[in-house]
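Asks: need the 3D shape of this:
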Amino acid sequence: MALRERGSQMKQLSKKDLEHLQGMFPVGTRVELITMNDIQAPPVGTCGTVQYVDALGDIGILWDNGSRLSIVLEAGDQIRRV
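Replies: Numbering: from 1, shown residues only. Reported below is the predicted structural model:
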């Protein structure tokens, strides 16, 4: 599970919301970074592969540059499917 370091409270998604997010970003989905609110974020435009969606709604991604930072949608991070 991804650690929350961006001021968000830890709150699990409902089962319905989690299933919806997992359906949008199934394991193996290729994505491109639009924006990430993290000082160690990969450059905008970096692509990666979804590894998991956890109960908090964080999307774990193995970025093509070797980074493994998760996307935190509620913190304003954005990705798109490619």
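
Asks: let me see the ranges of the helices in the protein.
Replies: Taking DSSP state H as the criterion, the chain carries its helices at 15-24.

Asks: what about it, any weak spots by pLDDT?
Replies: For the chain, applying pLDDT under 70 flags the ranges 1-10.

Asks: where along it do the strands fall?
Replies: Secondary structure of the chain (DSSP state E): strands located at 30-35, 47-53, 59-63, 70-71, 78-81.

Asks: in a markdown table: these, plus distance to residue 41 and mean neighbour count.
Replies: In this view, the C-beta of every residue, glycine as well, is placed from N, C-alpha and C. A markdown table is the format used below for these (distance: least, CB to CB, whole Å; neighbours: other CB atoms under 10 Å):
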| stretch | distance to residue 41 | mean neighbour count |
| --- | --- | --- |
| strand 30-35 | 7 | 16 |
| strand 47-53 | 12 | 18 |
| strand 59-63 | 9 | 20 |
| strand 70-71 | 10 | 24 |
| strand 78-81 | 11 | 14 |
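
Asks: I'd like those strands as CSV, with distance to residue 14 appended.
Replies: Shown next, in CSV, are the strands of the chain (distance: least, CB to CB, whole Å):
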stretch, distance to residue 14
strand 30-35, 23
strand 47-53, 13
strand 59-63, 17
strand 70-71, 19
strand 78-81, 22
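
Asks: for those, which one sits closest to residue 15?
Replies: strand 47-53 (12.5 Å; CB to CB).

Asks: each with direction, which strands does that closest one pair with?
Replies: Here strand 47-53 is paired, per DSSP bridges, with strand 30-35 (antiparallel), strand 59-63 (antiparallel).

Asks: alright, I will stop here.
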